[in-house]
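**Q** here you go, sequence then predicted model.
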Amino acid sequence: MKIPSQIFGTLAAACMMAGVLPQRASAQVSTNDFDALKKIVEQMGDRLQKLEQTHAQDQKTHEQDQQVILQLQKQLGETQTAVTNAQQTANTVAQVQSTYPVPGASQGPMHNVTLAGDAEVQFGKTAGQHSAFELADFAPIFLYRASDDVLFEAGFDIMLNNNTDVNGNRAPGSSTSVNLSFATLDYLLNDYMTLEAGEMLLPLGTYNERNAGWLNKIPDDPLVCDDLIPGSGVGVQLRGAIPVGESGQMVTYSAYAVNGPSSGASNSIADAGALDLAGNVGDTPNWHANPSGGGRIGWFYPWKPHYDFELGLSGQTGAWSDSGNRSWSAGVVDAALHLGPNIEVKGQYIDTWVETDDIGKIDPKGWYLQAAYKLAGLGLEMPYINNFELVGRYDRENDDGLFGGGAGVTKTDRYTTGIVYYFSSTLLFEADYEWWVSHGPSPQPFNGPGAPTSFVLQLSYGF
């Protein structure tokens, strides 16, 4: 840093005056003037010293900055070299792997199989019958993901049964039945649509797709879901969900075509009453060539965590007779409500229409309502009590003569109350008591008295 020339000039003048003053001090310069001039010179000297110190500090800072810049330039060069080497290595490895795959190496994290499912053991007694362990069931589900877009899923129901003869009477020994519940190939067309093909669980309401033993808090199915609508069908389906806004709301949809229900060779009420709702898989002979079509549209609305409401409307229609000229149709309304983590209410209303030759069109229908409350909602500091959940269900079915061969209408009311104890979130013990009020030619259950009662104990595990 350069010292301004004015300062040097002032210093020079001060020195000259200092040399002259001693000769004329007595005549021209007083002591006060001399002291003032001396003070000015001293101040200028101090200022000059400070300027020199500042210049030295600036020079030192400049040298430090230069060293930092050189160090950063060196690090940048090393980083660029490492990146270049990594890119070259990656390209080389990719070329080698594409040409010479490593034996036994995985084909990617998406190439895997997952086993899920549930298992149940059930003990029960119906009025007028002996108590017994009446069910041992294993229902594995295999999930296979071939790629980001291609999936396969299959579920089986493996059950141990007592042997019976052709007339339904008891026979020696027992046997194991293996049934295919569903098996579909899924292709993800985009984020909002999936194509399914195979043996599908049909979205007639929500119960068909959400009735695994450990998910259903009551051991048996609602009457209307067992008797009036198919649980599965062979065909193709488009399904997906579309978000609404950013609050978590969504619209779900599905549209499908399946072979549909089938029955005997005639179009009579007797054949309609023996309707095989999920048995037409197109084997020889192909029962009829008119597939059924159906679908569901639903709305899911959450307003805060654990508080949500779901409403759905679904239906299916198509031929049921072998000749293909008599139709079967169904309409379903389903709803579910969660008020916090401890309160759940859900149900379905089902209405069906069956055309026959001998008594015309009949209209079997029914509904169920189920509620559950977890005792943890009481806020008690009692771990065992908090593991209990109270459940209850009401079923109503009107067969409109479907199961009585047109001889009369059977109306059935069933009441179920029970508890669930959670050993864990997937290991459940269920205890239920049921009673019927059933009138008509085909009372429920079909092998019991007109107003039976029963209790069921079940241990369920989901995995």
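**A** Now that the structure is in, tell me what you want to look at. Residues are numbered from 1 along each chain as shown.
**Q** please count neighbours and contacts with C-alpha atoms only from this point.
**A** Fine.
**Q** from Leu188, how far out is the closest residue in space to Met250 that isn't next to it in sequence?
**A** Closest residue in space to Met250, ignoring its immediate chain neighbours: Pro243 at 4.2 Å, by Cα to Cα, 6 or more residues apart in numbering. For Pro243, the distance to Leu188 equals 17 Å [Cα to Cα, to the nearest Å].
**Q** and for Ala116?
**A** 21 Å.
**Q** ditto for Gly418
**A** With the distance defined as Cα to Cα, Gly418 ends up 41 Å from Leu188.
**Q** and those two? Which one has more around it.
**A** Gly418 (21 against 17; other Cα atoms under 10 Å).
**Q** ok, what's across the strand from that one?
**A** As for beta bridges, Gly418 partners with Val391, Asp432 under DSSP bridges.
**Q** who are the packing partners of the longest strand seen in the chain?
**A** Ranked by number of residues, the top strand in the chain under DSSP state E is strand 170-190. Applying 3 or more Cα pairs under 8 Å, 6 or more residues apart in numbering; DSSP states H and E, we find strand 170-190 packed against strand 150-164, strand 193-201.
**Q** what's the following helix or strand after the last one?
**A** Counting by DSSP states H and E, the element after strand 193-201 in chain order, helix or strand, is helix 223-227.
**Q** list the buried ones in that next one?
**A** Applying a neighbour-count criterion of 16 or more other Cα atoms under 10 Å, one finds Leu223, Val224, Cys225, Asp227 buried in helix 223-227.
**Q** kindly report the same for stretch 229-243.
**A** The neighbour-count check on stretch 229-243 (16+ other Cα under 10 Å) flags 229-241 as buried.
**Q** which other residues reach stretch 369-380?
**A** Under the criterion Cα atoms under 8 Å, 6 or more residues apart in numbering, residues 342-348, 385-395 lie in contact with stretch 369-380.
**Q** stretch 119-135 now?
**A** Applying Cα under 8 Å, 6+ apart, the contact partners of stretch 119-135 are 136-139, 159-161, 213-214, 448-449, 452-462.
**Q** so of those, which ones are in strands?
**A** Among the contacts of stretch 119-135, the members falling in strands are 136-139, 159-161, 453-462 (criterion: DSSP E).
**Q** quick one, which of these are buried?
**A** Buried members of the ones in strands among the contacts of stretch 119-135, counted by 16+ other Cα under 10 Å: 136-139, 159, 453-462.
**Q** so what's the residue count around Asp399?
**A** Asp399 is flanked by 25 other residues according to other Cα under 10 Å.
**Q** mind showing which ranges of the stretch 351-463 of the chain have poor pLDDT?
**A** 406, 445-451 (pLDDT under 70).
**Q** show me where it has helices.
**A** Assigned by DSSP state H, counting those that start in this stretch, the stretch 351-463 of the chain shows helices spanning 383-386.
**Q** that one: strands as residue ranges?
**A** 361-362, 365-374, 388-398, 411-422, 427-439, 453-462 (DSSP state E, counting those that start in this stretch).
**Q** the closest residue to Val456 other than its chain neighbours: neighbour count?
**A** Closest residue to Val456 apart from its sequence neighbours, by Cα to Cα, 6+ apart: Gly124 at 4.3 Å. Gly124: 19 surrounding residues under other Cα under 10 Å.
**Q** show me what Gly124 is bridged to.
**A** Beta-bridge partners recorded for Gly124 (DSSP bridges): Ala132, Val456.
**Q** just for the chain, where's the confidence low?
**A** Using pLDDT under 70, the flagged stretches of the chain are 1-30, 52, 72-111, 163-171, 173, 263-265, 278-288, 406, 445-451.
**Q** now do the domain split for it, please.
**A** 5-86+94-99, 114-462 (automatic domain parsing).
**Q** and the residue nearest to Met250, helix, strand or coil?
**A** Of the three states, Pro243 takes strand under DSSP: H, G, I helix; E, B strand; the rest coil.
**Q** can you give me the distance of it to Ile297?
**A** As for Pro243, its distance to Ile297 is 13 Å (criterion: Cα to Cα).
**Q** do the same with Ser454
**A** Using Cα to Cα, we find Ser454 at a distance of 37 Å from Ile297.
**Q** now do Phe34
**A** Distance of Phe34 to Ile297, computed by Cα to Cα: 106 Å.
**Q** if you count surrounding residues, which of these two has more?
**A** Each of Phe34 and Ile297 has its neighbours counted (other Cα under 10 Å); Ile297 has more, 19 against 14.
**Q** contacting residues for that one?
**A** Taking Cα under 8 Å, 6+ apart, we find Ile297 in contact with Val251, Thr252, Tyr253, Ser254, Gly312, Leu313, Ser314.
**Q** try 6 Å this time
**A** Listed by Cα atoms under 6 Å, 6 or more residues apart in numbering, the contact partners of Ile297 are Thr252, Tyr253, Gly312, Leu313.
**Q** over to Ile158?
**A** Per Cα under 6 Å, 6+ apart, neighbours of Ile158: Asp137, Phe138, Ala139, Ser177, Val178.
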